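[1] Sharing a sequence plus its predicted fold:
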Amino acid sequence: MKPITLLAPLALACPEPPSRSGVGAGVPSIGAAAQGAPNPGPDGSVEVPAVTPQIAVVADSRSGAHIVPPREAIPQDQLTDGVTISGALDCGGCEGPLLVRVEDGASHPPQLLTSAIFAAPGAYQLKAPRDKKVVLLIIHDVNGDGRPTPGEGVGLWTGGLLDTAQDATDVNLTIGLMPEAPPIVPDGGAGADR
């Protein structure tokens, strides 16, 4: 039986040691970054460029603006352990439909927690997640798409952030009515919690 000589080609594969600088004959050496890859700094660390996630948007054909489709955290029909918010909806003589959005006032920008559409003004009742500080927004949903659209009338509950630790009654919402102070103040100053 003859011994197999597989080591001979390996000895001829690399006649000189690889360059430490990564320069030479246009081929990066072992340990050098591939073309377009970030280069290590003097301490050996590598700065990786930030990647911005892409969000699908819907173009508004009337204004050319991009509108991010609303994503409810919890749809009304899945809110089994929520609290009930009730009151009256008013839109100054409109016929509806009226969209009421419950947004998390602690997140910046506010996150849509849940929403409900009502066919006409008058008494309303909806569910909201428990133990949140929420902003309530009413929209005259003229086109019936279930989201705010440029040109549609809006209003905010004037009572500031609503604490959903328990059911809330007499939470009246009116198109065109806004609070004197914004309901959300990022630094926790005036208007943050009334």
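    On my side now, so go ahead. Because the structure is a prediction, the values reported are computed rather than measured.

[2] What are the boundaries of the strands in this protein?
    58-59, 66-67, 83-90, 98-104, 111-118, 122-128, 133-140, 154-156, 162-163, 173-174 (DSSP state E).

[3] worst-scoring helix or strand of this protein, pLDDT-wise?
    Every helix and strand in the chain was compared by mean pLDDT, DSSP states H and E; the lowest is strand 58-59, with a mean of 36.

[4] List the contacts of the closest residue to residue 98 other than its chain neighbours.
    Computed as C-beta to C-beta, 6 or more residues apart in numbering, the closest residue to residue 98 that is not its neighbour in sequence is residue 118, at 4.7 Å. Glycine gets a C-beta too; all of them are placed from N, C-alpha and C. Going by C-beta atoms under 8 Å, 6 or more residues apart in numbering, residue 118 touches 89, 96, 97, 98, 99, 100, 124.

[5] if I read this right, the fifth one contacts residue 119, doesn't it?
    If I follow you right, that is residue 99. No: look at residue 99 against residue 119 with C-beta atoms under 8 Å: they stay out of range, at 11.1 Å.

[6] Helices of this structure, residue ranges please.
    7-13 (DSSP state H).

[7] shaky segments in it?
    1-70, 181-194 (pLDDT under 70).

[8] one step back: need the strands of the chain in JSON lines (columns: distance to residue 77).
    Listed next are the strands of the chain as JSON lines, based on distance: least, C-beta to C-beta, whole Å:
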{"stretch": "strand 58-59", "distance to residue 77": "24"}
{"stretch": "strand 66-67", "distance to residue 77": "24"}
{"stretch": "strand 83-90", "distance to residue 77": "14"}
{"stretch": "strand 98-104", "distance to residue 77": "14"}
{"stretch": "strand 111-118", "distance to residue 77": "10"}
{"stretch": "strand 122-128", "distance to residue 77": "9"}
{"stretch": "strand 133-140", "distance to residue 77": "19"}
{"stretch": "strand 154-156", "distance to residue 77": "25"}
{"stretch": "strand 162-163", "distance to residue 77": "21"}
{"stretch": "strand 173-174", "distance to residue 77": "21"}
